[in-house]
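> Here's a sequence, model it:
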Amino acid sequence: MVKITVKSCETVLPAAPTPQGNIWLSNLDLVVGRTHASTVYIYRPTATAAPEFFSMDILKEALSKVLVPFYPIAGRLAKDAHGRLQIKCNGEGGEVIEAVTDSTIDDLGDFEPSTELCQLLPHLNCGAEDIHSSPLLLVQVTFFKCGGVSLGVRINHIVGDGFAGLHFMNSWAAVARGAKITQPYLDRSILQANSIPNPKFHHIEYEQPSPVNDKNGIINDSQNRIGIFKITKDQLDSLKGKATENGNKVKYSSYEMLAGHIWRCVCKSGNLSENQESKMYAPIDSRSRLLPALPPNYFGNAIFIASPMALVGELTSKPIYYAASIIHEGLIGMDDEYLRSALGYLESHPDLDALVRGSHTYRSPNLCITSWARLPIHDADFGWGKPIYMGPAIIAFENSVCILSSPVNDGSLTVAIKLQKDQMNSFKELFYDF
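Numbers count the residues shown, from 1 in each chain. Next up is the predicted model:
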């Protein structure tokens, strides 16, 4: 067990005065999980590493500077007169913790999201009464006996999506090493719906998830397990080759084929009936899908959800590319017209709190597959080299999947998945069988 000793805890304020006031939150901000997204960066010192490897003074000075352009993250959540959440820009800053451990990086194994990895995260008070006082940003810098360092980061999900969080983290790293940054685009009103909401489509992504229709599915095992599955470039190419089986002419992306395979394996291992309906949630970044496109540096939540659905019997009995084809069609449908309709649907919904996604959303017979494979997750070089690992410290919800790229850019991917204990044993046997 990794044992952590906290040496200090400090609030880092913006280095210069920042705009005061409240930032309106879009409906996309308000339907994400009401939690802090938690990630861990792992660094090893190199032979040429400077003696001030992960100097706390350098880190805190750079953070103070980057909080000026990214000033919303230095604020706090608040509610307006109507009870709607907003960001109160008050410059109260982020929390930075310095910690040490007698453990080594090798003691963490393959960095599986776990209680061990969570020790590297700053402690978070989760009480509803803390909404006005809890920092939106918390960081824990942990120094290992071997000389390595971890950066445990918690960013409130309401502040922004994964792309926004990475923009902030990579900008902080750039400032630390003296490089220029791209300023964030902070105006969230660009995602306001029309004054008269007019949803044109049926938005199943916001409807209640499919329930288990009989008692055969694995639904009562409260012991969850997290599994880590690495797939090499050759294995991924082999999986993609399955798309041409039976004379199929449509080409599918790596994500579509891998996600389709995962979906099939989850259904097969879940002991579900053939006529069971399963919904897959696929988060997509809308920055380039909306017309006109959002600024690429948009700082907020720009994630919509594609929700392909299928019967378990069809997913498990037909070729892998069948599942990929359903995902493919679902993603193609996420065009500007559909996304604008979704904004209208959210605007017209009487209770956005009822749409907040959580553990009830993804549990069997459904699942969520998020891909970070194309995100710059390994670019946070603070001047001492890139991380040897970056990924989630915890997978909060059952039947949630995260796909990660390799830090050495060898074309391999890592799949992190949380399933019930008995189901995981079966999933392990199925995953590499293709």
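> residues in contact with Asn125?
Going by C-beta atoms under 8 Å, 6 or more residues apart in numbering, Asn125 touches Ser134. For every residue, glycine as well, the C-beta is placed using N, CA and C.
> where does it land in three-state SS?
The three-state label given to Asn125 by DSSP: H, G, I helix; E, B strand; the rest coil is coil.
> so what pLDDT did it get?
What the model reports as pLDDT for Asn125 is 74.
> That one and Val6, how far apart?
15 Å (C-beta to C-beta, to the nearest Å).
> likewise Tyr206?
Distance, Tyr206 to Val6, using C-beta to C-beta: 41 Å.
> More neighbours: which of the two?
Shown here are Tyr206 and Val6; by other C-beta atoms under 10 Å, Tyr206 has more neighbours (16 against 13).
> what's the burial count for the residue lying closest to that one once chain neighbours are set aside?
Nearest non-adjacent residue to Tyr206, counting by C-beta to C-beta, 6 or more residues apart in numbering: Leu355, 5.3 Å away. By other C-beta under 10 Å, the residues close to Leu355 number 18.
> likewise Cys265?
Cys265: 28 neighbours (other C-beta under 10 Å).
> Enumerate every residue touching it.
Cys265 neighbours (C-beta under 8 Å, 6+ apart): 427, 430-431.
> Export those residues as JSON lines, with columns for distance to Phe304.
Shown next, in JSON lines, are these (distance: C-beta to C-beta, whole Å):
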{"residue": "Phe427", "distance to Phe304": "28"}
{"residue": "Leu430", "distance to Phe304": "30"}
{"residue": "Phe431", "distance to Phe304": "28"}
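> Could you identify which of those residues has the most neighbours?
Top of those by neighbour number is Phe427, holding 21 neighbours under the definition other C-beta under 10 Å.
> State the distance from it to Lys242.
18 Å.
> what does Ile97 give?
In terms of C-beta to C-beta, Ile97 sits 47 Å off from Lys242.
> re the thing from before, wait, doesn't the residue nearest to Tyr206 sit right on Tyr345?
No - Leu355 lies out of contact with Tyr345 (C-beta atoms under 8 Å); the separation is 9.5 Å.
> list residues touching both of these two?
Common neighbours of Leu355 and Tyr345 (C-beta under 8 Å, 6+ apart) are Tyr206.
> looking at this structure, which residue ends up farthest from its center?
Gly247 (36.1 Å; C-alpha atoms, centre = their mean).
> Leaving out chain neighbours, which residue sits closest to Asn246?
Closest to Asn246 by C-beta to C-beta, 6+ apart is Pro319, at 6.3 Å.
> on that earlier part again, give the phi and psi angles for the residue nearest to Tyr206, as a check.
phi -100, psi 0 (degrees, to the nearest 10).
> Now do the contacts for it.
31, 206, 346, 349.
> helices and strands around the helix or strand where Lys428 lies, which ones?
For Lys428, the host element (DSSP states H and E) is helix 421-431. With contacts taken as 3 or more C-beta pairs under 8 Å, 6 or more residues apart in numbering; DSSP states H and E, helix 421-431 sits against strand 224-231, helix 254-269, strand 413-420.
> Let me have the ones you listed in CSV, extended by distance to Ser406 and mean pLDDT.
Formatted as CSV, the helices and strands packed on helix 421-431 follow (distance: least, C-beta to C-beta, whole Å; pLDDT from 0 to 100):
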stretch, distance to Ser406, mean pLDDT
strand 224-231, 9, 94
helix 254-269, 13, 97
strand 413-420, 7, 96
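> Quick one, which of these gets closest to Phe53.
Ranking these by proximity to Phe53 (C-beta to C-beta) places strand 413-420 first, at 26.2 Å.
> could you check the angle helix 254-269 makes with that closest one?
30 degrees (axes from the mean of the first three to the mean of the last three C-alpha atoms, to 10 degrees).
> all numbers from here: first residue = 25
In the new count, where the first residue is 25, that last one comes out as strand 437-444.
> Which elements pack onto strand 437-444?
strand 248-255, helix 278-293, strand 413-416, strand 424-429, helix 445-455.
> Could you give the separation of the first one from the chain centroid?
Going back to what we said before, that points to strand 248-255. Distance of strand 248-255 from the chain centroid (C-alpha atoms, centre = their mean, to the nearest Å) equals 16 Å.
> Excluding sequence neighbours, find me the nearest residue to Ser429.
Ser429's closest residue in space is Ala397 (C-beta to C-beta, 6+ apart), at 4.6 Å.
> ok, and for stretch 35-53, which residues are buried?
Across stretch 35-53, burial judged by 16 or more other C-beta atoms under 10 Å covers 36, 38, 42, 47, 49-53.
> And stretch 398-410, by the same measure?
Buried residues in stretch 398-410, counted by 16+ other C-beta under 10 Å: 399, 401-402, 404-408.
> Please apply the same query to stretch 91-105.
Buried, per 16+ other C-beta under 10 Å, within stretch 91-105: 91, 93-102.
> May I ask which two of those residues are separated the most?
Pro93 and Ala102 (21.4 Å).
> Let's test this: mean pLDDT of stretch 366-376, rounded?
Rounded mean pLDDT across stretch 366-376 is 95.
> Pull out the C-alpha coordinates of it and format them as CSV.
The C-alpha trace of stretch 366-376 is given here as CSV (Å, rounded to 0.1, in the frame of the first residue of the first chain):
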residue,chain,number,x,y,z
ALA,A,366,-29.8,18.7,-28.8
LEU,A,367,-29.1,22.2,-27.5
GLY,A,368,-32.8,23.0,-28.0
TYR,A,369,-33.8,19.8,-26.2
LEU,A,370,-31.7,20.7,-23.2
GLU,A,371,-33.0,24.3,-23.2
SER,A,372,-36.6,23.1,-23.2
HIS,A,373,-36.1,20.4,-20.5
PRO,A,374,-37.8,21.3,-17.2
ASP,A,375,-35.1,19.8,-15.0
LEU,A,376,-31.5,19.5,-16.2
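> Could you pull out the buried residues of that stretch?
Neighbour counts over stretch 366-376 (16+ other C-beta under 10 Å) mark 366-371, 373, 376 as buried.
> re earlier: out of the contacts of Leu379, list just those in strands.
Assignment to strands by DSSP state E places none of the contacts of Leu379 there.
> List just the nearest of those residues to Pro431.
Val55 (31.8 Å).
> which of the helices and strands packed on strand 437-444 sits most buried?
Most buried of the helices and strands packed on strand 437-444, by mean neighbour count (mean count of other C-beta atoms under 10 Å): helix 278-293, with a mean of 24.
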